[in-house]
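1. Please work out how this folds:
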Amino acid sequence: MANSEHTLKQYDIELESVRARVLQMGELVKNQVRLAIESLDAGDPALMDRIISDDHLVNAFEVDIDESCTRIIARRQPTAVDLRMVIMVIKTITDLERIGDEAKKIAITAKRLKQKNSLALPRFEKIRNVSILTLNMLDKSLDAFSNMDISSVGEVVRQDEQVDEEFRIILRYIVSFMMEDPRTISSALEMLFIAKALERIGDHAKNMSEYVVYMVKGRDVRHTTAEEIERELGENLQ
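-> Numbering: from 1, shown residues only. Modelled structure (predicted):
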């Protein structure tokens, strides 16, 4: 009996350790995105290089956590809620690693723009606004993971729709800008790549919040509208 209790306690410690490392990875990734936008805004090549260099830290987190999850599955054979937890973690770190890749892309693109002296391209203010929105989505998704709280998931899905619309606006503007002055095509495309990276970060943040619903409710709400998610959550809260 004592051995059984010890085993269960050790199992709980392993699961909690994995969750804690996911949150550490999330903070690192969030900082990478924030610094990438700051480097673009400030035109700071040293900061751009730091973001590019630190991407290996994000990758190391993913590998380490993934290996821990594999060991838990092999040794503990989790079921029900515990199995959903491990699956959620594996999916979440995949999205976090991809967000890290997008932050790196932003830094690389910012470096190219800096070399062309093209960081003052119009509509950067719009890109900065989208970056604030995506960082807010990432914050909410990490909070939802930390607290196993699904109350903000509908809002994150709505914010993702807003990010998508902002990206379409930026795309239309940049296309018209290039048509008016073909000399700007190269730099305008670089700025478009940055806007697309932010749009992808929003997608990954939304995915992460939806995984929490899967963990808490056992339901896959991917490809579900914000209204449907909020309706279901509202019914569950009554």
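
2. Tell me which stretches of the chain form helices.
-> 2-42, 45-76, 80-115, 124-147, 153-180, 185-217, 226-237 (DSSP state H).

3. Give me whichever of the ones you listed is most buried.
-> helix 185-217 (a mean of 22; mean count of other Cβ atoms under 10 Å). C-beta here means a position set from N, CA and C on the backbone, and glycine is covered the same way.

4. got the angle between it and helix 2-42?
-> 160 degrees (axes from the mean of the first three to the mean of the last three Cα atoms, to 10 degrees).

5. Make sure Phe124 is actually in contact with Glu190.
-> No: Phe124 lies out of contact with Glu190 (Cβ atoms under 8 Å); the separation is 11.5 Å.

6. For the spatially most central residue of the chain, which non-adjacent residue is closest in space?
-> By Cα atoms, centre = their mean, the chain has its centre lying nearest to Ala205, at 4.0 Å. Counting by Cβ to Cβ, 6 or more residues apart in numbering, Met137 is the residue found nearest to Ala205 once chain neighbours are left out, at 4.0 Å.

7. Could you report the pLDDT at the one you found?
-> We have a pLDDT of 98 for Met137.

8. OK, contacts around it?
-> By Cβ atoms under 8 Å, 6 or more residues apart in numbering, Met137 lies in contact with Val156, Gln159, Asp160, Val163, Gly202, Ala205, Lys206, Ser209.

9. can you tell me how far the first one sits from Val216?
-> Distance of Val156 to Val216, computed by Cβ to Cβ, to the nearest Å: 14 Å.

10. Many thanks, have a good one.
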